[in-house]
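> Quick one: sequence plus predicted model below, questions after.
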Amino acid sequence: MKHCIASGIASRIASGRALLLAAGLLLGTTACTTITVSENELLMPDRAVTARNIDTIAPGYQLGELDLTGTDGTRLYGQFLHHPQAKQTVLFFGGNNFRIRQYGRTVLEGYSKLGVNLVLVDHRGYGNSEGEPSIETLFSDGLATFDRVKQLLPNQPIIVHGFSLGSFIAGHVGKRRPVDALILEGSATNAEDWADAITPWFAKPFITVKIEAKLQAINNKDNLTDFRAPLLILVGENDNQTPPSLAEKLYAEAAKARYRDLQIVPDLNHNLASKTASFATAFLALQQQLSTGTTP
């Protein structure tokens, strides 16, 4: 599952980079290259969680729908995947292409082995949620969603997990609400650092990236400066969209967190780590922090 971290910027940088690479290939090579495109790369069917398949995907889980509302009254769609023995609930914010009907199953498959409740939400304007998205409304929707989940489960710890674009929503919530733990995956410090990190050195003399003022709100560096709860930061070893160097900067920024862990997952690019052994081990340590304040 691949997601861009912020709509528009990545594709524009990638286009500029692609033109330079293409020019280099034309000038520097004469050999032909064969590129294989498989059926799986063209066909991307929905992988929804439904009442019919949940017993097969996640035995013991129950599926419920959540009617959520943004602060401006916009209707948002969510799913609550409940496990009777769950001691924590994970509120998951996906990346820029995330839709529950297409990727919800992938998230649940990873978390169902860990025995937690799971809340999934379609960003406004995506999937079954209404409205038009903006950075400001995505952030306010994140706060409203957390408040609703906390209202429904007042006595249960809430772990907020954000991937890629969703990591900035999660960080925004983590700074402004009493989250019990925070997971940032495929994230970055801020829009400027991120754009600089993914622009190759050979392209920098030819590409100038201008960050729109509204994107200045994307700033997990600021979100983590005074963060105190347990924190898990995840990034793929081969992630070229949000490189490990940015995760390392985030980890350094979170010095006040009572527990922090950085996992650079081997052989992973900009994809969810939730089905990997590295994630399972790190998440269990995070759970241990919530129950006892110590690592296993």
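Happy to help now that I have it. It should be emphasised that the depicted structure is a prediction, and the values quoted were computed from it without experimental measurement.
> Please report how far residue 61 lies from residue 272.
According to C-beta to C-beta, to the nearest Å, residue 61 and residue 272 sit 18 Å apart. For glycine as for every other residue, the C-beta is placed from the backbone atoms N, C-alpha and C.
> Who has more neighbours out of the two?
residue 272 (28 against 20; other C-beta atoms under 10 Å).
> first vs last residue of stretch 74-90, how far apart are they?
23 Å (C-alpha to C-alpha, to the nearest Å).
> again but with stretch 80-89, I slipped
For stretch 80-89, the end-to-end distance is 10 Å (C-alpha to C-alpha).
> Stretch 109-125 too?
Stretch 109-125: ends 25 Å apart by C-alpha to C-alpha.
> Renumber starting at 150 from here on
Will do, 150 is the new start, and the previous item becomes stretch 258-274.
> what are the ranges of the strands in the stretch 150-299 of the chain?
Remark: strands assigned in the stretch 150-299 of the chain by DSSP state E, counting those that start in this stretch are 211-218, 224-231, 238-242, 266-270.
> which one of those lies closest to residue 288?
Residue 288 sits nearest to strand 238-242 of all the strands of the stretch 150-299 of the chain, at 10.4 Å, using C-beta to C-beta.
> Run the angle between that closest one and strand 266-270 for me.
Between strand 238-242 and strand 266-270, the angle comes out at 20 degrees (axes from the mean of the first three to the mean of the last three C-alpha atoms, to 10 degrees).
> who's in contact with strand 238-242?
Strand 238-242 is contacted from outside by 256, 260, 265-270, 272, 291, 294-295, 298, 302, 305-312, 314-316, 318-319, 332, using C-beta atoms under 8 Å, 6 or more residues apart in numbering.
> Mean confidence (pLDDT) on it, please.
For strand 238-242, mean pLDDT is 98.
> Tell me the bridge partners for residue 339.
residue 368 (DSSP bridges).
> Quick check: the gap between it and residue 391.
Residue 339 is 12 Å from residue 391, by C-beta to C-beta.
> Mind checking which of the two has more residues around it?
residue 391 (28 against 20).
> right, and the more buried one touches residue 382 too?
No: checked against C-beta atoms under 8 Å, the pair residue 391 and residue 382 is beyond contact range at 10.7 Å.
> Quick check: neighbours shared by those two?
Shared contacts of residue 391 and residue 382, counting by C-beta under 8 Å, 6+ apart, come down to residue 336.
> Give me the neighbour count for residue 291.
Neighbour count of residue 291, defined by other C-beta under 10 Å: 27.
> Now it: closest residue in space, sequence neighbours ignored.
Excluding the flanking residues, the one nearest residue 291 by C-beta to C-beta, 6 or more residues apart in numbering is residue 318, at 4.0 Å.
> burial count for the one you found?
With other C-beta under 10 Å as criterion, residue 318 counts 27.
> wait, what's in contact with it?
Going by C-beta under 8 Å, 6+ apart, residue 318 touches 242, 287, 288, 290, 291, 311.
> Secondary structure element holding it?
helix 314-325 (DSSP states H and E).
> Quick check: what element follows that helix along the chain?
Next along from helix 314-325, by DSSP H and E: strand 330-334.
> Now distance to residue 365 and mean neighbour count too, for the strands of the stretch 150-299 of the chain, in TSV please.
Formatted as TSV, these follow (distance: least, C-beta to C-beta, whole Å; neighbours: other C-beta atoms under 10 Å):
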stretch	distance to residue 365	mean neighbour count
strand 211-218	27	14
strand 224-231	25	21
strand 238-242	20	26
strand 266-270	25	26
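> Residue 428: which of the ones you listed is closest?
strand 238-242 (11.9 Å).
> quick revisit: which parts of the helix holding residue 318 are buried?
314, 315, 316, 317, 318, 319, 320, 321, 322, 323, 324 (16 or more other C-beta atoms under 10 Å).
> cool, and stretch 345-360?
Of the residues in stretch 345-360, 346, 347, 348, 352, 356, 358 count as buried by neighbour count, 16+ other C-beta under 10 Å.
> just checking, the last one is part of a strand?
Read it as residue 358. No: Residue 358 is assigned coil when assessed by DSSP: H, G, I helix; E, B strand; the rest coil, not a strand.
> Distance of it relative to residue 352?
According to C-beta to C-beta, residue 358 stands 10 Å off from residue 352.
> Could you list the low-pLDDT ranges of the stretch 300-445 of the chain?
Scanning the stretch 300-445 of the chain for pLDDT under 70 picks out 350, 442-445.
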